[in-house]
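> how would this look folded up:
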Amino acid sequence: MNGHAGPSNGATPSGSDDGYASQSDPSTSTGPQINGYAQPPSIYEAHNGDIINHLFHAGFQTGNYSDTLLHVRATVYRLHALILSRSPYLAHLMSTTPQTSNQCNIYVNLDHEPEVTDEGFHLALAYLYSSAALANVRPENARSVLAAACFLGRMDDLCDYAYEMCRMSITLDSLPSWLEFLDSVAPPSSDGSSTPVVDQHKHMRMAVFGPYAQRLRDDIFNFLVVRLPTLVNFGGQATPATPTTPHPDGSSAPADTGRETLLQVHARVPFELFKAAVESPSFNLGSTHARFKFAKDAIELRKQGIARGAEETVVLAFGGSTQSTGVLVTRKMRRRQLYKIGDTT
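Numbering: from 1, shown residues only. Take a look at the predicted model:
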């Protein structure tokens with residue numbers, strides 16, 4: 001170790017005063033047994049809290065007595081091998097990196113992990129020292145924190161906390177950003193006439209989230225087909241306790257406005273999600289013909305944007321499975337026109 005205080009580790013996350021709250025939460029509700037006598041909880045709770053606060057403030061925030069320099073992008077952290085070893089990824093880096101002058105330099109490569117931002121990585125590192133880092137996890141950075149926690153490994157509590165905040169942050173206002181994310185991690189798809197091409201960058205971007213990638217997909221799908229129609233009062237089925245889309249004058253959105261909102265949203269949805277939503281029995285669009293008309297109107301809007309270069313169609317399909325909604329959506333990529341060599345017409 002270097003035996004002296006170093007510079008502060010990284011920048012204080014935005015949106016807070018000193019960056020973090022104090023950590024003093026006890027892990028149990030009864031005192032330990034010492035020489036056969038139960039000790040008052042206040043003794044060990046205060047002692048454990050003091051140790052964690054010291055490790056966090058003197059260790060992580062100021063880098064005192066560090067024995068490991070962690071390099072990530074443009075930031076260098078002065079940290080401690082014993083704490084970093086809580087992460088399997090960092091433990092492996094330290095065990096395979098030679099030490100010089102009683103100090104280890106490790107380099108974390110995030111070039112292929114765009115979901116792991118500097119702020120997200122900072123908070124995940126902070127959580128290795130103390131749960132005080134949770135005070136700075138917000139809807140705006142929760143997805144990056146989730147990615148960083150999954151990347152470092154063995155941080156299930158932080159992953160669950162960040163995931164839950166992500167799930168709760170899916171709203172009509174934030175939906176465009178979630179749809180962009182969904183498209184970036186979407187699995188390869190095909191219209192059935194060709195073999196899907198695997199985009200390695202998309203695959204790697206999805207892989208960092210592990211099982212949470214599918215859970216987030218399911219949450220976005222549930223918002224589109226279950227929650228959103230209720231929020232915009234589609235079909236006028238909202239109850240007095242159900243929030244509706246407000247107008248500037250404070251009134252609720254009428255049914256036709258709700259339908260228009262749904263159309264505008266589904267005009268920007270990636271095809272596989274659009275198809276699954278329209279064909280889902282959970283998407284309460286009324287009768288089969290109402291579902292067909294909705295899909296047809298949405299496809300007309302999609303032609304002007306996200307579906308350019310493709311032919312999307314909707315057909316009525318009667319019979320078959322009892323779970324069928326009677327509507328099928330298909331897609332075929334348009335082929336480029338071929339020209340003969342030397343053709344000048």
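> all strands of this protein, in order?
Along the chain, counting by DSSP state E, strands occupy 33-34, 37-38, 68-72, 75-79, 99-100, 103-108, 310-316, 327-333.
> could these be laid out in a markdown table, adding mean neighbour count, mean pLDDT and distance to Val226?
The C-beta positions use only the backbone N, C-alpha and C, and glycine is treated the same way. Listed next are those as a markdown table, based on neighbours: other Cβ atoms under 10 Å; pLDDT from 0 to 100; distance: least, Cβ to Cβ, whole Å:
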| stretch | mean neighbour count | mean pLDDT | distance to Val226 |
| --- | --- | --- | --- |
| strand 33-34 | 10 | 69 | 51 |
| strand 37-38 | 9 | 73 | 50 |
| strand 68-72 | 19 | 98 | 39 |
| strand 75-79 | 20 | 98 | 41 |
| strand 99-100 | 10 | 80 | 54 |
| strand 103-108 | 16 | 95 | 39 |
| strand 310-316 | 15 | 93 | 21 |
| strand 327-333 | 17 | 91 | 18 |
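> and those as CSV, adding distance to Val145?
Rendered in CSV, the data for these read as follows (distance: least, Cβ to Cβ, whole Å):
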stretch, distance to Val145
strand 33-34, 38
strand 37-38, 38
strand 68-72, 15
strand 75-79, 16
strand 99-100, 30
strand 103-108, 16
strand 310-316, 36
strand 327-333, 35
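> just tell me which of those strands ends up closest to Gly49.
Among those, the nearest to Gly49 by Cβ to Cβ is strand 33-34 (18.4 Å).
> may I have the distance across stretch 134-144, first residue to last?
One end of stretch 134-144 to the other measures 13 Å (Cα to Cα, to the nearest Å).
> how far does that stretch sit from the chain's center?
Distance of stretch 134-144 from the chain centroid (Cα atoms, centre = their mean, to the nearest Å) equals 10 Å.
> how about low-confidence regions in the stretch 151-300 of the chain?
Counting by pLDDT under 70, the ranges of the stretch 151-300 of the chain that qualify are 185-204, 235-255.
> quick one, helices of it?
Taking DSSP state H, counting those that start in this stretch, the helices of the stretch 151-300 of the chain run over residues 156-168, 175-184, 200-207, 212-222, 228-231, 255-266, 271-278, 288-302.
> got JSON lines for the ones you listed, with distance to Asn9 too?
Below are those laid out as JSON lines (distance: least, Cβ to Cβ, whole Å):
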{"stretch": "helix 156-168", "distance to Asn9": "18"}
{"stretch": "helix 175-184", "distance to Asn9": "29"}
{"stretch": "helix 200-207", "distance to Asn9": "27"}
{"stretch": "helix 212-222", "distance to Asn9": "27"}
{"stretch": "helix 228-231", "distance to Asn9": "42"}
{"stretch": "helix 255-266", "distance to Asn9": "42"}
{"stretch": "helix 271-278", "distance to Asn9": "40"}
{"stretch": "helix 288-302", "distance to Asn9": "47"}
